[in-house]
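Student: Sequence first, then the predicted structure:
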Amino acid sequence: MNRQSSDNRGWVPRANTHHLLTRDRLLDPLAAHIRRTLKDRVSGGDAASQQEREDRIWRAPGERWFTPDDPIWWAHSDASIFVGGIAALLVQSLHPLAMAGVMGHSSFRDDPWRRLHITADHVAITTYAPVPDAERQVRIVNAVHKRVVGTAPDGRSYAASDPHLLTWVHVAETWAFLACYQRFGPKPLSPSDADAYVSSMAEIGARLGVPDPPRTVAALEGALAAYGPELEGTSDARETASFLLDDPPLRGPERWTYAALSAAAVATVPAWTREMLGRNASGARLKAGATAGHLAVKGLSAAVAHPAHEPHWTCSKRSRLRSCRARTFSSMVPPEISR
């Protein structure tokens, strides 16, 4: 597949074009309604609280960990992250100890939207918020992890603060977000930009206690593969997959869109993930799922502008952004990630 030249990454032109296209295509009320509904579900709260959240994260002055020059900025503002979030949960569920922590200390099954809200908030704050807010978020997550301890159904002890488990969660999430952006985003990242994305995620992971997180795509793929012998499609993992894929708490057009996004996630995760979760499918069905995902992501991206695309964040790649900062398992890894 064609790669984007590392000398012409085009973050600002692409962002501006996307922003203009977004405004031109706001006439699609159904897509706008669906995206707002999903956004409302994930973000939580009423319109006023969401506006306050956006102002606090994206519009407050101050330096950020990342800028519009960084691939993570655009990857996390694209609608493909909806697919990435589902894919990450599917892959992460395969580690029995990580899954035991979720089942024993999370309201995921009783209130899935609250968990998605917490995850979305974490991604948004660590990617876009002023440094003090991002640092506060890391302290909160680290404190929560220290309290999550217990015994898995197989008798093994687990602790969310265990560096080995932290690494698994980080690697699976980073892989899923990147793979889904590469497949469903507006344009795949170049090799150097993909490495930059992994490196930016590593900065966050290191602050969360991940020892020596991978900083290149090759290292990420190797880290994912290294966990292979520890993974298992437990009954809890399969139950979680069923909840995510078969009976999400949505109705009407939102449910149809979510079905397309989840089908895209199933089509993107590695074959061994589908096999362990009992989600094997024919090539034609996987292709159909990916096609549906492309259409859903494209429609959602066009429907509502993301705060990270607002004009005040526009700055040149070559400016190196001083003003922008201040202005407000080899065979186990599918090929999409390294396109």
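Tutor: Thanks, I have the structure now.

Student: Any figure for the gap between residue 81 and residue 163?
Tutor: Separation of residue 81 from residue 163 (C-beta to C-beta, to the nearest Å): 26 Å. No exception for glycine: its C-beta is placed from N, CA and C like everyone else's.

Student: Neighbour count: these two, which is higher?
Tutor: Ranked by neighbour count (other C-beta atoms under 10 Å), residue 81 and residue 163 place residue 81 first, with 22 against 12.

Student: How about the contacts made by that one?
Tutor: 75, 123, 177, 180-181 (C-beta atoms under 8 Å, 6 or more residues apart in numbering).

Student: now with 7 Å?
Tutor: Residue 81 is in contact with residue 177, counting by C-beta atoms under 7 Å, 6 or more residues apart in numbering.

Student: so what pLDDT did it get?
Tutor: If you check residue 81, the pLDDT there is 90.

Student: Let the chain start at 17 from now.
Tutor: Understood, numbering begins at 17; the last thing we discussed is residue 97.

Student: and the helix or strand that contains it, how far from the chain's centre?
Tutor: Residue 97 belongs to helix 96-108 when assigned by DSSP states H and E. Distance, stretch centre to chain centre, for helix 96-108: 6 Å (C-alpha atoms, centre = their mean, to the nearest Å).

Student: Over to stretch 192-210?
Tutor: That offset, for stretch 192-210, works out to 12 Å (C-alpha atoms, centre = their mean).

Student: Check the separation of the first and last residues in it.
Tutor: 13 Å (C-alpha to C-alpha, to the nearest Å).

Student: cool, and stretch 99-118?
Tutor: End-to-end span of stretch 99-118 (C-alpha to C-alpha): 20 Å.

Student: on that earlier part again, which parts of the helix or strand just after the helix holding residue 97 are buried?
Tutor: Per DSSP H and E, the first helix or strand lying C-terminal to helix 96-108 is helix 112-121. With burial defined by 16 or more other C-beta atoms under 10 Å, the residues of helix 112-121 counted as buried are 112-119, 121.

Student: can you check stretch 257-268 too?
Tutor: Neighbour count says stretch 257-268 has 257, 260-261, 264, 266 buried, by 16+ other C-beta under 10 Å.

Student: what does that stretch contact?
Tutor: So stretch 257-268 is in contact with 102, 105-106, 109, 125, 128, 271, 274, 278, 282, 293, 295, going by C-beta under 7 Å, 6+ apart.

Student: Please name every helix or strand in contact with the helix or strand hosting residue 180.
Tutor: Here residue 180 is covered by helix 179-200, with elements defined by DSSP H and E. The contact analysis (3 or more C-beta pairs under 7 Å, 6 or more residues apart in numbering; DSSP states H and E) places helix 179-200 against helix 96-108, helix 112-121, helix 207-223, helix 233-242, helix 268-284, helix 299-319.

Student: hang on, the earlier thing: save the buried residues of helix 112-121 as a markdown table, and put in pLDDT too.
Tutor: Output for the buried residues of helix 112-121, formatted as a markdown table (pLDDT from 0 to 100):
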| residue | pLDDT |
| --- | --- |
| 112 | 96 |
| 113 | 95 |
| 114 | 93 |
| 115 | 92 |
| 116 | 91 |
| 117 | 87 |
| 118 | 83 |
| 119 | 80 |
| 121 | 61 |
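
Student: In the stretch 17-166 of the chain, where is pLDDT below threshold?
Tutor: Where the stretch 17-166 of the chain drops to pLDDT under 70, the residues are 17-65, 120-133.

Student: which residues of it fall in strands?
Tutor: With strands called from DSSP state E, counting those that start in this stretch, the stretch 17-166 of the chain shows them at 165-167.

Student: now residue 248, what's its secondary structure?
Tutor: coil (DSSP: H, G, I helix; E, B strand; the rest coil).

Student: my guess is it meets residue 112, correct?
Tutor: Yes - counting by C-beta atoms under 7 Å, residue 248 does reach residue 112; the two are 5.4 Å apart.

Student: wait, which of the helices and strands packed on helix 179-200 is closest to residue 174?
Tutor: Of all the helices and strands packed on helix 179-200, helix 112-121 sits nearest to residue 174, with 4.1 Å by C-beta to C-beta.

Student: Run through the neighbouring helices and strands of that closest one.
Tutor: strand 173-175, helix 179-200, helix 251-261.

Student: Would you mark the buried spots in the longest one?
Tutor: Neighbour counts using 16+ other C-beta under 10 Å place 181-200 of helix 179-200 among the buried residues.

Student: cool, the first one as well?
Tutor: Residues of strand 173-175 classed as buried by neighbour count (16+ other C-beta under 10 Å): 174-175.

Student: For that strand, which strands pair with it and how are they oriented?
Tutor: Strand pairing for strand 173-175, using DSSP bridges, gives strand 165-167 (antiparallel).

Student: tell me how far the strand it pairs with is from the chain's mean position?
Tutor: 27 Å.
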